[in-house]
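Undergrad: predicted model, plus sequence, below.
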Amino acid sequence: MKKIVIIDYGVGNLRSVRRGLERAGANVLISSDPETISNASGVILPGVGAFRDAMKNVEMLRSTIDEYITSGRPMLGICLGQQMMMSTSEEGGITEGLDIIGGRVLRFPHSELKVPHMGWNSVKINKENPLFEGIPDGSYLYFVHSYFVDTKDKNTLISCEYGKDFAAAVVNDKGNVMGTQFHPERSGDVGLKILRNFVAMC
């Protein structure tokens with residue numbers, strides 16, 4: 001069976017992501033070993049916490065990630081993992097990201113809405129992608145975040161509105177790297193379907 005590797009760089013909700021992928025029918029490994037990551041059929045970049053700390057931790061695997069992406073195999077970033085795919089983040093001062101997808105990570109502006117944005121929110125599907133095959137427009141997904149991704153329309157797969165429109169899921173120009181701001185592993189049956197779609201892509 002093909003293996004999906006969850007990158008372990010010391011930050012992230014690895015076990016809940018693993019359980020979600022196993023429910024989706026995947027053979028899952030959690031690893032920080034470059035060779036294991038390089039040989040995977042699919043890779044997950046998870047993440048919970050501060051952008052700057054996460055980037056420091058993942059730096060040792062940056063070349064491995066770049067080589068994997070160049071191979072054309074699928075990769076999925078979840079929550080902070082999606083944000084790390086951007087060019088820069090303003091969290092904790094301007095910090096460089098992995099620059100896989102051109103864009104910025106910005107804090108939600110001050111408003112009457114609570115930050116972090118936490119809970120279920122409906123999404124708008126902007127463009128077709130195998131990751132969201134069979135997912136109806138207006139589906140509800142689970143979010144927990146204070147910062148959001150600002151990227152080009154061509155890289156935005158689905159969007160969400162929380163005081164302002166933001167990219168709830170993104171894709172690189174080549175089409176093999178995707179990210180979700182929401183947590184599919186915590187998004188019920190819809191999230192499970194998204195994970196199954198990713199497993200099928202692998």
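TA: Received it, and whenever you're ready, just let me know what you need. Numbering: from 1, shown residues only.
Undergrad: helices and strands around the top helix by length along the chain, which ones?
TA: Counting residues, the longest helix in the chain under DSSP state H turns out to be helix 188-201. Under the contact criterion of 3 or more CB pairs under 8 Å, 6 or more residues apart in numbering; DSSP states H and E, helix 188-201 touches helix 14-23, strand 42-45, strand 140-145. For every residue, glycine as well, the C-beta is placed using N, CA and C.
Undergrad: lowest average pLDDT across these?
TA: Mean pLDDT is lowest for helix 14-23 among the helices and strands packed on helix 188-201, at a mean of 94.
Undergrad: pull out the buried residues from the helix or strand just after that one.
TA: Per DSSP states H and E, helix 14-23 leads on to strand 27-31 as the next helix or strand towards the C-terminus. Neighbour-count burial for strand 27-31 flags V28, L29, I30, S31 (criterion: 16 or more other CB atoms under 10 Å).
Undergrad: give the other helices and strands that the helix or strand containing S63 contacts.
TA: S63 is located in helix 62-70, with elements delineated by DSSP H and E. When contacts are defined as 3+ CB pairs under 8 Å, 6+ apart, helix 62-70 packs onto helix 34-38, strand 42-45, strand 75-78.
Undergrad: comparing those, which comes out most buried?
TA: strand 75-78 (a mean of 28; mean count of other CB atoms under 10 Å).
Undergrad: what pairs with that strand, parallel or antiparallel?
TA: If you go by DSSP bridges, strand 75-78 pairs up with strand 42-45 (parallel), strand 177-180 (parallel).
Undergrad: quick revisit: so can I have CSV of the helices and strands packed on helix 62-70 showing distance to F166?
TA: Formatted as CSV, the helices and strands packed on helix 62-70 follow (distance: least, CB to CB, whole Å):
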stretch, distance to F166
helix 34-38, 29
strand 42-45, 19
strand 75-78, 15
